[in-house]
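S.K.: make a model of this:
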Amino acid sequence: MTEPKTVAVIGAGPVGLAAAAHVLERGMTPIVFEAGAEVGHAIRQWGHVQLFSPWEYNVDRAAGRLLEATGWNSPAPDQYPTGSELVERYLEPLATKTPLKSHILKSSKVTDISRQGFDKLKTKGRDLAPFEIHYQNTPEGLGERVAWADAVIDASGTWASPNPAGANGLAAIGEKEAAGKIAYAMPDVLGADRPRYAGKTVAVLGAGHSAIGTLTDLARLKAQEPGTEVIWLLRGSDPAKAFGGGANDKLAARGELGAAFAALVAAGDIKVEPAFQTTHLTSENGRLRIAAGSACCGRKIIADELIVATGFRPDLAFVRELRIQLDPAIECPIALAPLIDPNEHSCGTVRPHGARELEQDEPGFYFAGIKSYGRAPTFLMITGYEQVRSITAQIAGDHDAAGRVELVLPETGVCSRSSADVTTCCGGPAPTVDNACCVADAVAKQDGKSGCGCS
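M.R.: Below is the predicted model of the structure:
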(Lines give C-alpha, C1' and ligand atoms only; values in the text may rest on other atoms or scores of the structure.)
Protein backbone atom coordinates (compact mmCIF):
# COMPACT_ATOMS: atom_id res chain seq x y z
CA MET A 1 0.00 0.00 0.00
CA THR A 2 1.42 3.38 -1.03
CA GLU A 3 1.64 6.21 1.48
CA PRO A 4 -0.77 9.13 0.92
CA LYS A 5 0.81 12.15 -0.69
CA THR A 6 1.95 15.03 1.48
CA VAL A 7 1.06 18.48 0.13
CA ALA A 8 2.72 21.62 1.47
CA VAL A 9 0.47 24.69 1.47
CA ILE A 10 2.16 28.05 1.95
CA GLY A 11 -0.15 30.55 3.60
CA ALA A 12 -3.08 30.09 6.00
CA GLY A 13 -5.39 32.66 4.48
CA PRO A 14 -8.74 31.77 2.92
CA VAL A 15 -7.27 30.14 -0.19
CA GLY A 16 -4.50 28.33 1.67
CA LEU A 17 -6.90 26.84 4.22
CA ALA A 18 -9.30 25.92 1.41
CA ALA A 19 -6.45 24.12 -0.32
CA ALA A 20 -5.68 22.21 2.88
CA ALA A 21 -9.37 21.26 3.24
CA HIS A 22 -9.42 19.86 -0.30
CA VAL A 23 -6.16 17.99 0.35
CA LEU A 24 -7.70 16.32 3.40
CA GLU A 25 -10.88 15.51 1.54
CA ARG A 26 -8.79 13.79 -1.15
CA GLY A 27 -7.17 11.53 1.45
CA MET A 28 -3.82 13.32 1.34
CA THR A 29 -1.89 15.03 4.14
CA PRO A 30 -1.51 18.82 4.21
CA ILE A 31 1.23 20.79 5.93
CA VAL A 32 0.25 24.47 6.14
CA PHE A 33 2.97 27.05 6.71
CA GLU A 34 1.74 30.41 8.04
CA ALA A 35 4.30 33.18 8.46
CA GLY A 36 2.08 35.12 10.86
CA ALA A 37 1.30 34.32 14.47
CA GLU A 38 -2.33 33.50 13.57
CA VAL A 39 -4.21 32.28 10.54
CA GLY A 40 -5.45 35.03 8.25
CA HIS A 41 -2.55 37.25 9.25
CA ALA A 42 -2.81 39.52 6.20
CA ILE A 43 -6.60 39.87 6.45
CA ARG A 44 -6.24 40.96 10.07
CA GLN A 45 -4.32 43.99 8.77
CA TRP A 46 -7.42 45.17 6.90
CA GLY A 47 -10.05 43.86 9.26
CA HIS A 48 -11.95 47.16 9.14
CA VAL A 49 -12.69 46.78 5.42
CA GLN A 50 -15.99 45.30 4.23
CA LEU A 51 -15.68 42.78 1.42
CA PHE A 52 -17.42 43.38 -1.92
CA SER A 53 -18.65 39.80 -2.02
CA PRO A 54 -21.27 38.34 0.36
CA TRP A 55 -20.72 35.22 2.44
CA GLU A 56 -22.00 32.93 -0.31
CA TYR A 57 -18.83 33.71 -2.30
CA ASN A 58 -16.42 33.61 0.65
CA VAL A 59 -16.82 30.08 2.03
CA ASP A 60 -15.07 27.29 0.17
CA ARG A 61 -17.18 24.16 -0.26
CA ALA A 62 -14.67 21.66 1.13
CA ALA A 63 -13.91 23.99 4.05
CA GLY A 64 -17.65 24.39 4.62
CA ARG A 65 -18.09 20.61 4.82
CA LEU A 66 -15.36 20.38 7.46
CA LEU A 67 -17.03 23.13 9.47
CA GLU A 68 -20.53 21.68 9.16
CA ALA A 69 -19.29 18.49 10.80
CA THR A 70 -18.50 20.55 13.92
CA GLY A 71 -21.97 22.12 14.14
CA TRP A 72 -20.74 25.42 12.73
CA ASN A 73 -23.34 28.16 12.40
CA SER A 74 -22.98 29.31 8.80
CA PRO A 75 -23.37 33.09 8.29
CA ALA A 76 -26.29 34.39 6.24
CA PRO A 77 -25.20 33.99 2.60
CA ASP A 78 -26.37 37.45 1.51
CA GLN A 79 -24.53 39.38 4.25
CA TYR A 80 -21.24 41.20 3.59
CA PRO A 81 -18.48 40.46 6.13
CA THR A 82 -15.61 42.70 7.12
CA GLY A 83 -12.11 41.28 7.11
CA SER A 84 -12.32 40.79 10.88
CA GLU A 85 -15.62 38.95 10.59
CA LEU A 86 -14.18 36.70 7.89
CA VAL A 87 -11.40 35.72 10.29
CA GLU A 88 -13.57 35.37 13.40
CA ARG A 89 -16.53 33.53 11.87
CA TYR A 90 -14.79 31.43 9.23
CA LEU A 91 -10.99 31.15 9.30
CA GLU A 92 -10.56 30.77 13.06
CA PRO A 93 -13.18 28.00 13.42
CA LEU A 94 -11.77 26.27 10.35
CA ALA A 95 -8.25 26.33 11.80
CA THR A 96 -9.13 25.43 15.40
CA LYS A 97 -12.26 23.26 15.38
CA THR A 98 -11.72 20.95 12.40
CA PRO A 99 -9.09 18.29 11.60
CA LEU A 100 -7.01 21.04 9.97
CA LYS A 101 -5.85 22.21 13.40
CA SER A 102 -3.13 19.53 13.61
CA HIS A 103 -1.76 20.43 10.17
CA ILE A 104 -1.04 24.17 10.59
CA LEU A 105 2.39 25.52 11.52
CA LYS A 106 2.03 29.15 12.63
CA SER A 107 4.88 31.68 12.84
CA SER A 108 6.59 29.52 10.22
CA LYS A 109 7.95 31.56 7.33
CA VAL A 110 9.07 29.63 4.27
CA THR A 111 12.48 30.85 3.16
CA ASP A 112 13.47 28.43 0.37
CA ILE A 113 12.11 25.53 -1.67
CA SER A 114 14.04 23.05 -3.80
CA ARG A 115 14.06 19.34 -4.67
CA GLN A 116 15.80 17.02 -2.24
CA GLY A 117 19.26 16.37 -3.66
CA PHE A 118 18.65 18.46 -6.79
CA ASP A 119 19.68 22.00 -7.57
CA LYS A 120 17.89 23.90 -10.33
CA LEU A 121 20.30 22.71 -13.02
CA LYS A 122 20.00 18.95 -12.46
CA THR A 123 17.24 17.18 -14.46
CA LYS A 124 17.47 13.36 -14.49
CA GLY A 125 15.18 11.94 -11.80
CA ARG A 126 14.12 15.41 -10.65
CA ASP A 127 10.38 14.81 -10.83
CA LEU A 128 10.69 11.80 -8.49
CA ALA A 129 12.45 13.74 -5.72
CA PRO A 130 10.35 15.28 -2.94
CA PHE A 131 10.25 19.02 -2.43
CA GLU A 132 12.51 20.24 0.37
CA ILE A 133 11.08 23.23 2.23
CA HIS A 134 13.17 25.39 4.54
CA TYR A 135 11.31 27.56 7.02
CA GLN A 136 11.95 29.75 10.04
CA ASN A 137 9.91 28.87 13.12
CA THR A 138 10.15 31.97 15.30
CA PRO A 139 8.17 31.57 18.56
CA GLU A 140 9.96 28.48 19.80
CA GLY A 141 13.33 29.87 18.78
CA LEU A 142 14.02 26.75 16.75
CA GLY A 143 15.63 28.65 13.89
CA GLU A 144 15.66 27.14 10.42
CA ARG A 145 13.82 23.86 9.97
CA VAL A 146 13.17 21.49 7.06
CA ALA A 147 10.07 19.68 5.81
CA TRP A 148 9.43 17.50 2.76
CA ALA A 149 6.40 17.20 0.51
CA ASP A 150 5.25 15.53 -2.70
CA ALA A 151 3.60 18.71 -3.97
CA VAL A 152 3.51 22.41 -3.09
CA ILE A 153 0.71 24.98 -3.39
CA ASP A 154 2.01 28.52 -2.89
CA ALA A 155 -0.94 30.57 -1.61
CA SER A 156 1.21 32.99 0.36
CA GLY A 157 -0.42 36.08 -1.13
CA THR A 158 1.15 39.44 -1.90
CA TRP A 159 0.23 41.58 1.12
CA ALA A 160 3.83 41.82 2.33
CA SER A 161 5.01 43.17 -1.05
CA PRO A 162 3.15 46.42 -1.81
CA ASN A 163 4.09 48.35 -4.92
CA PRO A 164 6.05 51.54 -4.25
CA ALA A 165 5.03 55.11 -5.05
CA GLY A 166 7.25 55.61 -8.09
CA ALA A 167 5.40 55.66 -11.40
CA ASN A 168 8.24 53.61 -12.93
CA GLY A 169 7.68 50.68 -10.56
CA LEU A 170 10.62 51.65 -8.36
CA ALA A 171 10.54 53.43 -5.05
CA ALA A 172 10.31 57.18 -5.61
CA ILE A 173 13.49 59.09 -4.88
CA GLY A 174 13.37 59.73 -1.13
CA GLU A 175 10.58 57.21 -0.46
CA LYS A 176 12.61 55.20 2.02
CA GLU A 177 13.70 58.31 3.89
CA ALA A 178 10.09 59.54 4.05
CA ALA A 179 8.80 56.23 5.44
CA GLY A 180 7.46 57.87 8.61
CA LYS A 181 4.88 59.82 6.59
CA ILE A 182 3.87 56.99 4.25
CA ALA A 183 1.42 54.12 4.73
CA TYR A 184 0.64 51.41 2.21
CA ALA A 185 -2.61 49.71 1.15
CA MET A 186 -5.59 50.40 3.46
CA PRO A 187 -4.92 52.02 6.85
CA ASP A 188 -7.91 52.26 9.21
CA VAL A 189 -8.41 56.00 8.82
CA LEU A 190 -11.74 56.06 10.66
CA GLY A 191 -10.65 53.74 13.47
CA ALA A 192 -7.26 52.80 14.89
CA ASP A 193 -5.34 55.18 12.60
CA ARG A 194 -7.73 58.12 12.95
CA PRO A 195 -5.38 60.28 15.09
CA ARG A 196 -2.73 60.05 12.39
CA TYR A 197 -4.99 61.50 9.67
CA ALA A 198 -7.59 63.70 11.39
CA GLY A 199 -7.10 67.40 10.67
CA LYS A 200 -4.30 66.66 8.17
CA THR A 201 -3.84 67.00 4.44
CA VAL A 202 -3.74 63.44 3.19
CA ALA A 203 -2.80 62.35 -0.33
CA VAL A 204 -3.78 58.93 -1.65
CA LEU A 205 -1.94 57.49 -4.64
CA GLY A 206 -3.73 54.81 -6.68
CA ALA A 207 -6.91 54.09 -8.60
CA GLY A 208 -7.97 50.60 -7.56
CA HIS A 209 -10.53 49.49 -5.01
CA SER A 210 -8.12 49.93 -2.09
CA ALA A 211 -7.47 53.54 -3.04
CA ILE A 212 -11.16 54.27 -3.64
CA GLY A 213 -12.21 52.75 -0.34
CA THR A 214 -9.58 54.73 1.57
CA LEU A 215 -10.47 57.96 -0.21
CA THR A 216 -14.13 57.40 0.60
CA ASP A 217 -13.33 56.92 4.29
CA LEU A 218 -11.10 60.00 4.26
CA ALA A 219 -13.99 62.03 2.83
CA ARG A 220 -16.09 60.87 5.79
CA LEU A 221 -13.25 61.86 8.12
CA LYS A 222 -13.13 65.28 6.47
CA ALA A 223 -16.82 65.78 7.25
CA GLN A 224 -16.20 64.90 10.90
CA GLU A 225 -12.80 66.52 11.55
CA PRO A 226 -12.20 70.18 10.61
CA GLY A 227 -8.97 70.82 8.77
CA THR A 228 -8.86 67.45 7.03
CA GLU A 229 -8.14 67.71 3.32
CA VAL A 230 -8.12 64.83 0.83
CA ILE A 231 -6.11 64.69 -2.39
CA TRP A 232 -6.37 61.92 -4.95
CA LEU A 233 -3.14 61.39 -6.91
CA LEU A 234 -4.09 59.59 -10.08
CA ARG A 235 -1.45 58.25 -12.46
CA GLY A 236 -3.91 58.08 -15.34
CA SER A 237 -5.69 61.02 -16.90
CA ASP A 238 -9.28 59.73 -16.63
CA PRO A 239 -10.78 59.63 -13.11
CA ALA A 240 -13.99 58.02 -14.37
CA LYS A 241 -12.17 54.74 -15.09
CA ALA A 242 -12.06 54.15 -11.34
CA PHE A 243 -15.83 54.31 -10.90
CA GLY A 244 -16.51 50.77 -12.11
CA GLY A 245 -19.64 49.26 -13.58
CA GLY A 246 -22.20 50.80 -11.23
CA ALA A 247 -25.56 49.05 -11.42
CA ASN A 248 -24.19 46.62 -14.03
CA ASP A 249 -21.76 45.10 -11.52
CA LYS A 250 -23.12 41.76 -10.27
CA LEU A 251 -21.32 42.37 -6.96
CA ALA A 252 -23.64 45.15 -5.81
CA ALA A 253 -21.36 46.44 -3.04
CA ARG A 254 -18.51 46.93 -5.50
CA GLY A 255 -20.74 48.85 -7.90
CA GLU A 256 -22.14 50.99 -5.09
CA LEU A 257 -18.65 51.91 -3.88
CA GLY A 258 -17.71 53.25 -7.31
CA ALA A 259 -20.93 55.24 -7.62
CA ALA A 260 -20.59 56.74 -4.14
CA PHE A 261 -16.97 57.63 -4.79
CA ALA A 262 -17.85 59.33 -8.07
CA ALA A 263 -20.39 61.48 -6.23
CA LEU A 264 -17.78 62.54 -3.65
CA VAL A 265 -15.35 63.58 -6.38
CA ALA A 266 -18.06 65.41 -8.30
CA ALA A 267 -19.04 67.30 -5.14
CA GLY A 268 -15.47 68.51 -4.64
CA ASP A 269 -14.94 66.62 -1.37
CA ILE A 270 -11.85 65.05 -2.88
CA LYS A 271 -9.34 67.09 -4.86
CA VAL A 272 -8.19 65.25 -7.99
CA GLU A 273 -4.68 65.45 -9.42
CA PRO A 274 -4.83 63.41 -12.65
CA ALA A 275 -1.80 62.30 -14.69
CA PHE A 276 0.38 62.60 -11.59
CA GLN A 277 3.52 60.50 -12.11
CA THR A 278 5.25 60.49 -8.71
CA THR A 279 9.05 60.67 -8.90
CA HIS A 280 10.34 62.36 -5.72
CA LEU A 281 9.35 62.51 -2.04
CA THR A 282 11.11 65.04 0.18
CA SER A 283 10.58 66.82 3.47
CA GLU A 284 9.49 70.46 3.36
CA ASN A 285 8.94 72.38 6.59
CA GLY A 286 8.00 69.22 8.44
CA ARG A 287 5.54 68.14 5.75
CA LEU A 288 5.86 65.89 2.70
CA ARG A 289 6.57 67.29 -0.74
CA ILE A 290 5.28 64.92 -3.42
CA ALA A 291 6.71 65.72 -6.83
CA ALA A 292 5.94 64.54 -10.34
CA GLY A 293 8.66 65.12 -12.90
CA SER A 294 11.88 66.77 -11.82
CA ALA A 295 12.38 67.47 -8.12
CA CYS A 296 12.65 71.21 -8.65
CA CYS A 297 10.51 72.11 -11.63
CA GLY A 298 7.73 69.55 -12.00
CA ARG A 299 4.28 69.46 -10.42
CA LYS A 300 4.22 69.19 -6.65
CA ILE A 301 1.76 68.52 -3.87
CA ILE A 302 2.34 69.32 -0.19
CA ALA A 303 0.70 66.93 2.25
CA ASP A 304 1.10 65.77 5.82
CA GLU A 305 0.61 62.08 4.99
CA LEU A 306 0.74 59.89 1.88
CA ILE A 307 -1.12 56.60 1.46
CA VAL A 308 0.25 54.48 -1.37
CA ALA A 309 -2.41 52.12 -2.72
CA THR A 310 -0.87 51.12 -6.04
CA GLY A 311 -1.33 47.37 -5.74
CA PHE A 312 1.00 44.52 -4.88
CA ARG A 313 3.57 42.25 -6.46
CA PRO A 314 4.55 38.64 -5.65
CA ASP A 315 7.58 37.74 -3.54
CA LEU A 316 9.37 35.14 -5.65
CA ALA A 317 12.60 34.92 -3.67
CA PHE A 318 11.90 31.58 -1.99
CA VAL A 319 11.05 29.78 -5.27
CA ARG A 320 14.28 30.82 -6.97
CA GLU A 321 15.64 27.25 -6.97
CA LEU A 322 12.53 25.86 -8.69
CA ARG A 323 11.89 25.78 -12.43
CA ILE A 324 9.29 28.51 -12.72
CA GLN A 325 7.99 30.23 -15.85
CA LEU A 326 6.07 33.47 -15.44
CA ASP A 327 4.75 36.13 -17.76
CA PRO A 328 7.51 38.77 -17.92
CA ALA A 329 5.14 41.69 -17.35
CA ILE A 330 2.48 40.39 -14.96
CA GLU A 331 4.64 37.83 -13.11
CA CYS A 332 1.85 35.25 -13.23
CA PRO A 333 1.72 31.77 -14.81
CA ILE A 334 2.07 32.17 -18.57
CA ALA A 335 -1.21 30.47 -19.50
CA LEU A 336 -3.12 32.73 -17.09
CA ALA A 337 -1.65 36.00 -18.37
CA PRO A 338 -3.94 36.54 -21.39
CA LEU A 339 -6.99 36.19 -19.14
CA ILE A 340 -5.98 38.88 -16.65
CA ASP A 341 -3.62 41.28 -18.46
CA PRO A 342 -4.97 44.82 -17.85
CA ASN A 343 -3.00 46.00 -20.91
CA GLU A 344 -5.19 43.84 -23.14
CA HIS A 345 -8.64 44.34 -21.65
CA SER A 346 -10.37 46.19 -18.85
CA CYS A 347 -12.79 43.40 -18.03
CA GLY A 348 -12.69 42.58 -14.33
CA THR A 349 -14.33 39.22 -14.96
CA VAL A 350 -11.94 36.31 -15.51
CA ARG A 351 -13.18 32.92 -16.61
CA PRO A 352 -12.64 30.15 -14.03
CA HIS A 353 -9.35 28.33 -14.37
CA GLY A 354 -7.37 25.69 -12.53
CA ALA A 355 -4.46 23.29 -12.61
CA ARG A 356 -3.92 23.41 -16.37
CA GLU A 357 -3.37 27.19 -16.41
CA LEU A 358 -1.42 27.25 -13.15
CA GLU A 359 0.99 24.30 -13.59
CA GLN A 360 4.70 24.98 -13.87
CA ASP A 361 7.72 23.27 -15.44
CA GLU A 362 8.37 22.03 -11.89
CA PRO A 363 5.88 19.11 -11.65
CA GLY A 364 3.78 19.30 -8.49
CA PHE A 365 4.32 23.01 -7.82
CA TYR A 366 1.47 25.51 -8.22
CA PHE A 367 0.77 29.16 -7.45
CA ALA A 368 -2.77 29.79 -6.17
CA GLY A 369 -4.81 32.65 -4.79
CA ILE A 370 -3.92 36.26 -5.35
CA LYS A 371 -0.25 35.38 -5.79
CA SER A 372 -1.17 33.49 -8.95
CA TYR A 373 -2.32 36.83 -10.42
CA GLY A 374 1.16 38.34 -10.03
CA ARG A 375 0.76 42.10 -10.39
CA ALA A 376 -2.72 42.00 -11.93
CA PRO A 377 -5.75 43.35 -10.00
CA THR A 378 -9.38 42.17 -9.69
CA PHE A 379 -8.78 38.84 -7.95
CA LEU A 380 -11.83 37.33 -6.23
CA MET A 381 -11.57 34.88 -3.32
CA ILE A 382 -13.95 32.47 -5.00
CA THR A 383 -11.53 32.30 -7.95
CA GLY A 384 -8.87 31.00 -5.57
CA TYR A 385 -11.26 28.37 -4.22
CA GLU A 386 -11.86 27.03 -7.72
CA GLN A 387 -8.11 27.05 -8.37
CA VAL A 388 -7.28 24.88 -5.37
CA ARG A 389 -10.19 22.52 -5.99
CA SER A 390 -8.75 21.82 -9.44
CA ILE A 391 -5.12 21.71 -8.26
CA THR A 392 -5.76 19.21 -5.47
CA ALA A 393 -7.73 17.00 -7.88
CA GLN A 394 -4.74 17.07 -10.24
CA ILE A 395 -2.30 16.19 -7.45
CA ALA A 396 -4.57 13.30 -6.40
CA GLY A 397 -4.63 11.98 -9.98
CA ASP A 398 -8.27 12.85 -10.69
CA HIS A 399 -7.64 14.57 -14.00
CA ASP A 400 -11.30 14.68 -15.01
CA ALA A 401 -12.22 16.67 -11.89
CA ALA A 402 -9.16 18.87 -12.36
CA GLY A 403 -10.30 19.81 -15.85
CA ARG A 404 -13.91 20.57 -14.96
CA VAL A 405 -15.20 24.09 -14.39
CA GLU A 406 -17.35 24.21 -11.27
CA LEU A 407 -17.76 27.96 -10.89
CA VAL A 408 -19.57 30.88 -12.48
CA LEU A 409 -18.02 34.23 -11.58
CA PRO A 410 -20.05 37.43 -11.10
CA GLU A 411 -19.68 40.00 -13.88
CA THR A 412 -18.14 43.37 -13.05
CA GLY A 413 -20.16 45.39 -15.54
CA VAL A 414 -16.91 46.92 -16.80
CA CYS A 415 -15.47 45.36 -19.94
CA SER A 416 -13.55 46.96 -22.79
CA ARG A 417 -14.95 50.45 -22.23
CA SER A 418 -12.76 53.08 -23.84
CA SER A 419 -12.04 56.32 -22.00
CA ALA A 420 -14.20 58.10 -24.55
CA ASP A 421 -17.14 55.95 -23.52
CA VAL A 422 -16.97 56.91 -19.88
CA THR A 423 -16.02 60.57 -20.10
CA THR A 424 -18.38 61.80 -22.77
CA CYS A 425 -19.84 64.94 -21.26
CA CYS A 426 -23.46 64.53 -20.26
CA GLY A 427 -24.05 61.52 -22.52
CA GLY A 428 -22.88 58.03 -23.47
CA PRO A 429 -23.62 54.46 -22.42
CA ALA A 430 -21.76 54.13 -19.13
CA PRO A 431 -23.99 53.74 -16.07
CA THR A 432 -22.01 56.39 -14.19
CA VAL A 433 -22.03 58.87 -17.04
CA ASP A 434 -23.72 61.68 -15.10
CA ASN A 435 -21.10 61.39 -12.39
CA ALA A 436 -18.37 61.18 -15.02
CA CYS A 437 -19.61 64.44 -16.48
CA CYS A 438 -19.71 66.08 -13.07
CA VAL A 439 -16.22 64.80 -12.26
CA ALA A 440 -14.87 66.22 -15.51
CA ASP A 441 -16.55 69.48 -14.58
CA ALA A 442 -15.13 69.48 -11.05
CA VAL A 443 -11.58 68.70 -12.19
CA ALA A 444 -11.72 71.43 -14.81
CA LYS A 445 -12.93 73.98 -12.26
CA GLN A 446 -10.15 72.92 -9.88
CA ASP A 447 -7.68 73.96 -12.56
CA GLY A 448 -9.46 77.24 -13.25
CA LYS A 449 -10.90 76.04 -16.57
CA SER A 450 -14.47 75.98 -17.78
CA GLY A 451 -16.27 72.72 -17.21
CA CYS A 452 -18.84 70.94 -19.32
CA GLY A 453 -21.79 72.67 -17.71
CA CYS A 454 -22.89 69.91 -15.34
CA SER A 455 -25.31 71.40 -12.85
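S.K.: Ala376 falls within a helix, correct?
M.R.: No: according to DSSP: H, G, I helix; E, B strand; the rest coil, Ala376 belongs to no helix; its state is coil.
S.K.: correct me, but it touches Cys332?
M.R.: Yes: here Ala376 lies in contact with Cys332, judged by CB atoms under 8 Å, at a distance of 6.3 Å. (Glycine included, C-beta is placed from N, CA and C.)
S.K.: got any residues that touch both of the two?
M.R.: Residues touching both Ala376 and Cys332 by CB atoms under 8 Å, 6 or more residues apart in numbering: Ile340.
S.K.: residues in contact with the residue nearest to the spatial centre of the chain?
M.R.: Most central in the chain under CA atoms, centre = their mean is Ile370, positioned 6.0 Å from the mean C-alpha point. Contacts for Ile370 were tallied using CB under 8 Å, 6+ apart; they are 15, 157-158, 312, 379, 384.
S.K.: so it: helix, strand or coil?
M.R.: For Ile370, the assignment made with three-state DSSP gives helix.
S.K.: spatially, what comes nearest to it if we skip its sequence neighbours?
M.R.: Nearest residue to Ile370 in three dimensions, chain neighbours excluded: Phe379, at 4.6 Å (CB to CB, 6 or more residues apart in numbering).
S.K.: what about that neighbour, distance to Trp55?
M.R.: Plainly put, Phe379 is 18 Å away from Trp55 if you go by CB to CB, to the nearest Å.
S.K.: likewise for Val230?
M.R.: Val230 is 32 Å from Trp55, where distance means CB to CB.
S.K.: the more surrounded of the two?
M.R.: The neighbour count for Val230 versus Trp55, taken as other CB atoms under 10 Å, is higher for Val230 (27 against 19).
S.K.: how far away from the center of its chain is the helix or strand hosting that one?
M.R.: According to DSSP states H and E, Val230 maps onto strand 229-233. Here the centre of mass of C-alpha atoms in strand 229-233, compared against the chain's by CA atoms, centre = their mean, to the nearest Å, lies 22 Å away.
S.K.: mind checking which of the contacts of Ile370 are in helices?
M.R.: Members of these lying in helices (criterion: DSSP state H): 15, 384.
S.K.: report the beta-bridge partners for His134.
M.R.: Legend: beta-bridge partners of His134 under DSSP bridges are Asp112, Val146.
S.K.: my guess is it contacts Ser108. True?
M.R.: No: in terms of CB under 8 Å, His134 does not count as a neighbour of Ser108; the distance is 10.6 Å.
S.K.: mind listing the shared neighbours of the two?
M.R.: Residues touching both His134 and Ser108 (CB under 8 Å, 6+ apart) are Arg145.
S.K.: these two: which has the busier surroundings?
M.R.: Ser108 (25 against 15).
S.K.: for that one, grab phi and psi.
M.R.: The phi and psi values for Ser108, taken as degrees, to the nearest 10, are phi -130, psi 100.
S.K.: contacting residues for it?
M.R.: So Ser108 contacts 33-35, 135-138, 145 (CB under 8 Å, 6+ apart).
S.K.: helices of the stretch 251-400 of the chain, start to end?
M.R.: Listed in chain order, the helices of the stretch 251-400 of the chain (DSSP state H, counting those that start in this stretch) span 252-266, 337-340, 355-358, 381-396, 399-403.
S.K.: and for the stretch 101-250 of the chain?
M.R.: For the stretch 101-250 of the chain, the helices defined by DSSP H, counting those that start in this stretch occupy 194-197, 209-224.
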